[in-house]
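1. Pasting the sequence and the predicted coordinates here, then a few questions.
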Amino acid sequence: MNILVTGGAGYIGSHTVHYLLQQGHQPIVLDNLSTGHRQAVPSTVPFYHGDIADSALVTSIIDRHQICGVIHFAASSLVGESMIDPAKYFENNVVKTILFLNTLLKTGVKHLVFSSTAAVYGEPRQLPIREEDLTEPTNVYGQTKLMLEQVMAQYARTYDFHYAALRYFNACGALPDGSIGEDHQPETHLIPLILQVANGRRDHITIYGQDYPTPDGTCIRDYIHVLDLAEAHLLALQYLWNGGESGPFNLGNGQGFSVQEVISLARQVTGHPLPVQIGPRRPGDPARLVAAAEKARQVLSWQPRYPDLAAMVASAWAWHRQHPDGFK
Ligand SMILES: NC(=O)c1ccc[n+]([C@@H]2O[C@H](COP(=O)([O-])OP(=O)(O)OC[C@H]3O[C@@H](n4cnc5c(N)ncnc54)[C@H](O)[C@@H]3O)[C@@H](O)[C@H]2O)c1
Ligand SMILES: O=c1ccn([C@@H]2O[C@H](COP(=O)(O)OP(=O)(O)O[C@H]3O[C@H](CO)[C@@H](O)[C@H](O)[C@H]3O)[C@@H](O)[C@H]2O)c(=O)[nH]1
């Protein structure tokens, strides 16, 4: 099937493109390269350097490639940045995605898998978090994704439009052969930053807050391998093609690791002492995020293949060791 992948040059998008090819599908990538990398997409894959809000371009891609479904990754996705520059997030995520959705409606593309996030929940009242739990984002990034879920829910009620909003928890890891991986400039994510210390690119990792109401005082997250996310996207699209009901799905392993625990595991994987400094809290960070992903397991038949965090860190480490400067 011909599948349009927006943001396919980004971290999760490029791994999904790889997975789609492996499964015999034809991804077509649309990416403005604001944070993505042209080199992350195989040269055999049709690639359009452009913006999701460019309705003429999106229409021409859909016509030319007879697109049967969309996986929509393109977004700005940093919690910390969204608190400093909310205008960027409302424009790139909300305004541009609505324009993009409206182009899909006009061209008759009916099925879309959307990158949502655990950040829609905010500070959860209970763990693990289920899809029906309260959504009260503590940061602007999560707020933009929740607004888009609400827009899509209304479109699904009104139009012949069907979506799955995949609320992923913390993506990490890389292709096992180390050929592609995570490369954000500047990097803000915990695991790649830790591995930059192991690589000698940084002299320490700063822990953002050690006064959270958690056993060791540092934030707890549910880490999920990027290839398990990739597989879930195809399963979700197939579910929609088969008439599945629109709605949200959590994607996580159901196990929480504190920042301190992630650093300890990375010490074992890399053999590096990984010096630590304690810094202030980062605005917008909830204390704990852990997924209940039974819905995705039951409804999509999704089964994470790489649930072991040490193995996730090891796959990321393979990428960082082979590519200390990322895709450069
Ligand atoms: N990384 C995570 O842990 C995580 C967790 C939950 C949800 N998400 C979501 O998953 C998606 C992918 O995240 P990622 O970590 O791969 O981010 P990323 O920044 O690596 O990828 C995003 C891609 O979208 C492109 N892009 C951004 N705005 C665009 C626009 N207006 N038009 C065309 N292309 C545009 C960028 O160039 C980039 O290639 C995002 O929607 C993000 O919010 C990520
Ligand atoms: O140098 C660092 C970087 C991060 N952290 C902490 O590590 C945890 C994980 O942070 P990070 O890797 O930046 O991910 P999140 O902020 O949890 O956000 C990611 O995970 C969310 C889902 O949970 C997604 O929606 C976002 O797109 C994605 O960036 C958080 O508690 C941070 O405070 C540090 O202590 N030091």
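-> In hand now; what should we look at? Numbering: from 1, shown residues only. Ligands and ions are numbered 1, 2, ... in the order given.

2. Hmm, Arg297 and Gln303 touching each other?
-> Yes. The criterion here is C-beta atoms under 8 Å, and Gln303 meets it with Arg297 at 6.5 Å. For every residue, glycine as well, the C-beta is placed using N, CA and C.

3. Which one of these two is surrounded by more residues?
-> Taking other C-beta atoms under 10 Å, Gln303 and Arg297 do not tie; Arg297 has more neighbours (16 against 12).

4. and the more buried one, what is it in contact with?
-> Gln303 (C-beta atoms under 8 Å, 6 or more residues apart in numbering).

5. Alpha carbons of the helix or strand harbouring it, as CSV, please.
-> Here Arg297 sits within helix 294-299, counting by DSSP states H and E. C-alpha atoms of helix 294-299 as CSV (Å, rounded to 0.1, in the frame of the first residue of the first chain):
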residue,chain,number,x,y,z
GLU,A,294,-3.8,-3.3,27.1
LYS,A,295,-6.1,-1.7,24.6
ALA,A,296,-3.3,-1.7,21.9
ARG,A,297,-2.4,-5.2,22.8
GLN,A,298,-6.0,-6.5,22.6
VAL,A,299,-7.5,-4.3,19.8
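
6. Contacts for the next helix or strand after it next, please.
-> Elements were assigned by DSSP H and E; along the chain past helix 294-299, the next helix or strand is helix 309-322. Outside helix 309-322, the residues that touch it by C-beta under 8 Å, 6+ apart are 172-182, 191-192, 195-196, 198-199, 223, 225, 255, 257, 262, 265-266, 268-270, 306.

7. can you tell me the helix or strand for the closest residue to Thr107 other than its chain neighbours?
-> In this structure, Thr107 finds its nearest non-sequential neighbour in Ile62, 4.6 Å apart by C-beta to C-beta, 6 or more residues apart in numbering. Under the criterion of DSSP H and E, Ile62 resides in helix 55-65.

8. Now do whichever helix or strand comes after that helix: distance to the chain's middle.
-> Following helix 55-65 in sequence order, the next helix or strand is strand 69-72 (DSSP H and E). Distance, stretch centre to chain centre, for strand 69-72: 14 Å (C-alpha atoms, centre = their mean, to the nearest Å).

9. partner strands of strand 69-72, parallel or antiparallel?
-> strand 2-6 (parallel), strand 111-117 (parallel) (DSSP bridges).

10. Right, I'll leave it there.
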